[in-house]
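In: The following comprises the amino acid sequence and a computationally predicted model.
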Amino acid sequence: MRKLFCSIFPIAFSLAITAQVRVFTIGDSTVESYSEDFYPRMGWGQVLQDFFDESQVTVINKAIGGTSSKSFYNGAWPNILPDIQKGDYVFINFGINDRAKDDRACPAGQFEQYITKFVEETRNKGAYPMLLTSIRRNMWENEMPYNAYHEHPQLMRDIAKELNVYCVDLDSFTYKNMLASGELYTTRHRYNTYEKGEYLSKEHANGGKDDIHTQETGAQENARYIVECIEKCEDENLRKLSKFAKPLYSITFKINDNSKALTISQSTALPEGARLTLKTLPKENSCFLYWTDSNNNVYSNKSLDFYTMQNKDETFTAVYASDMGNIDGIKSDDIIITVKGTYAYVFNTKTDEEHIQIYNINGEIKADLNVNPNSIRIVNLNKGIFLAKTKDKSIKILVN
């Protein structure tokens, strides 16, 4: 008997220490997970896993687009509830489609009943519920975010108080973000609106305007806020999740000339492995050159690009041409330097001889040229950033 006990105990202990904490997320399309065909459209439930140690926590996103609390409860919930076990977490986020004018409608008086059912049935399984208000819709009135979902966010707050359930107020959080950043940044960096060709996914290659759903950046901001709230909340069971949260690393965005850009990605913090979006929108007749990293190395010459987060802080600087008169196609009588491969092609259509010096980032001269009218000179340059100077002009060069 003693031998049997000793042989079983290590196995039981091993199972205990490797058991996964499970987080179920239920809600609508602002929580939902999407395929790459829909990129960059993402719900916060899709990126929540990035913020937790995947060896300790598994996020199971069961959100379904187009559902209200009523339609989800009567449709998907009966198939989900049997899988919920003691010690699991269930994050509940509804309110957008509850305002629908069809059979999904769940107005005040009914909304409270369905949310209460989710909470009580979760607790009956020995699991821990958490409520979340809906995110703001990207609608503006008199330069202020419009309260498109009216009473439903407040109803969720009231239910949370009545049932003693912790509530993450995404409505207030997204409202404050919108107000601080303005309509243009909110629209083009957080919500699902972009120009043709900006993203190349199947569903969004032709661009689109969508004021309900978030891009990856917006989804990440919402997910990060949820984790931050859990870390600070007074609910002891929820706060246990915070010990599995991954550390965040700071990303600082800078720009060499604010007058050249409409927007630039805002500084943020993300966990290792998350996908960071580098994005700047140039003003008309401005020319974006490249992004540099913390070491002043060129990271990318695309105004929209991505970076996989490492376990360190990083800084990205958007570099714009300082003088549009130096950029190809602006004026026919300006010196123009373009780059292909590891060569710089220097064109000059002026009538007077022009003297050009090309420096590297350490200030060392790499070329000293007299360029005759209508001539073409080829300068052999390695990859990197260079500066071409004439008597009255300064031109930055990127060699890829």
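Out: Sure, I can see it.

In: Skip the chain neighbours and tell me the closest residue to residue 212.
Out: Nearest residue to residue 212, sequence neighbours excluded (Cβ to Cβ, 6 or more residues apart in numbering): residue 137, at 5.8 Å. For every residue, glycine as well, the C-beta is placed using N, CA and C.

In: Could you do residue 227 as well?
Out: Leaving out its chain neighbours, the residue that sits closest to residue 227 by Cβ to Cβ, 6+ apart is residue 51, at 4.7 Å.

In: Look up the pLDDT of that neighbour for me, please.
Out: Reading off the confidence values, residue 51 has pLDDT 98.

In: likewise residue 285?
Out: Reading off the model, residue 285 has pLDDT 70.

In: again with residue 309
Out: Residue 309 is assigned a predicted lDDT (pLDDT) of 98.

In: Could you grab the helix/strand/coil label for the residue nearest to residue 212?
Out: Applying DSSP: H, G, I helix; E, B strand; the rest coil to residue 137 yields a three-state assignment of coil.

In: Could you list the paired strands of the helix or strand containing residue 307 along with their orientation?
Out: Applying DSSP states H and E as the criterion places residue 307 in strand 304-308. Each strand paired with strand 304-308, and its direction, by DSSP bridges: strand 275-282 (antiparallel).

In: ok, then the element right after the strand it pairs with?
Out: Sequence-wise, the next helix or strand downstream of strand 275-282 (DSSP H and E) is strand 288-292.

In: for the helix or strand following that following strand, what is the average pLDDT?
Out: Counting by DSSP H and E, the element after strand 288-292 in chain order, helix or strand, is strand 298-300. The average pLDDT for strand 298-300 rounds to 87.

In: now swap in stretch 365-374 and tell me
Out: Mean per-residue pLDDT for stretch 365-374: 73.

In: again with stretch 260-271
Out: Average pLDDT, stretch 260-271: 96.

In: Give me the distance between it and the centre of its chain.
Out: Distance, stretch centre to chain centre, for stretch 260-271: 10 Å (Cα atoms, centre = their mean, to the nearest Å).

In: contacts for it?
Out: If you take Cβ atoms under 8 Å, 6 or more residues apart in numbering as the criterion, stretch 260-271 is touched by 50-51, 181, 184-185, 188-189, 217, 220-221, 224, 246-253, 255, 276-283, 286-288, 309, 316, 318, 320-321.

In: Go again with 7 Å.
Out: Stretch 260-271 is contacted from outside by 50-51, 181, 184-185, 188-189, 220, 246-253, 255, 276-283, 286, 309, 318, 320, using Cβ atoms under 7 Å, 6 or more residues apart in numbering.

In: Drop anything exposed from these.
Out: Buried members of the contacts of stretch 260-271, scored by 16 or more other Cβ atoms under 10 Å, are 50-51, 185, 188-189, 220, 246, 248-249, 251, 253, 255, 276-282, 286, 309, 318, 320.

In: Excluding sequence neighbours, find me the nearest residue to residue 156.
Out: For residue 156, the spatially nearest residue (Cβ to Cβ, 6+ apart) is residue 133, at 4.7 Å.

In: Quick check: that neighbour touching residue 154?
Out: No - counting by Cβ atoms under 7 Å, residue 133 stays clear of residue 154, with 8.2 Å between them.

In: With neighbour numbers in mind, choose between these two.
Out: Per other Cβ atoms under 10 Å, whichever of residue 133 and residue 154 has more neighbours is residue 133, with 24 against 15.

In: Does anything pack onto the host helix or strand of residue 230? Which helices or strands?
Out: Assigned by DSSP H and E, residue 230 belongs to helix 216-232. Where contact means 3 or more Cβ pairs under 7 Å, 6 or more residues apart in numbering; DSSP states H and E, helix 216-232 is packed against helix 44-47, helix 170-181, strand 275-282.

In: and the nearest residue in space to residue 222 that is not next to it in sequence, how many residues sit next to it?
Out: Once flanking residues are discounted, residue 222 sits nearest to residue 44: 4.0 Å by Cβ to Cβ, 6+ apart. Number of residues near residue 44 (other Cβ under 10 Å) recorded here: 28.

In: and if you look at the one 4 residues further on?
Out: Using other Cβ under 10 Å as the criterion, residue 48 is surrounded by 24 other residues.

In: quick revisit: who's in contact with the residue nearest to residue 222?
Out: 31, 219, 222-223, 226.

In: Considering those, which possesses the most neighbours?
Out: Top of the contacts of residue 44 by neighbour number is residue 31, holding 32 neighbours under the definition other Cβ under 10 Å.

In: wait, doesn't that one sit right on residue 64?
Out: No - the pair residue 31 / residue 64 is not scored as a contact, 8.9 Å apart, by Cβ under 7 Å.

In: Tell me the helix or strand right after the strand holding residue 307.
Out: As assigned by DSSP H and E, the chain's next helix or strand after strand 304-308 is strand 314-320.

In: Paired strands for that following strand, with orientation please.
Out: Strands adjacent to strand 314-320 in the sheet, as given by DSSP bridges, are strand 248-255 (parallel), strand 288-292 (antiparallel).

In: Identify, from the contacts of residue 44, the entry nearest to residue 89.
Out: Residue 89 lies nearest to residue 226 out of the contacts of residue 44, by Cβ to Cβ, at 11.4 Å.
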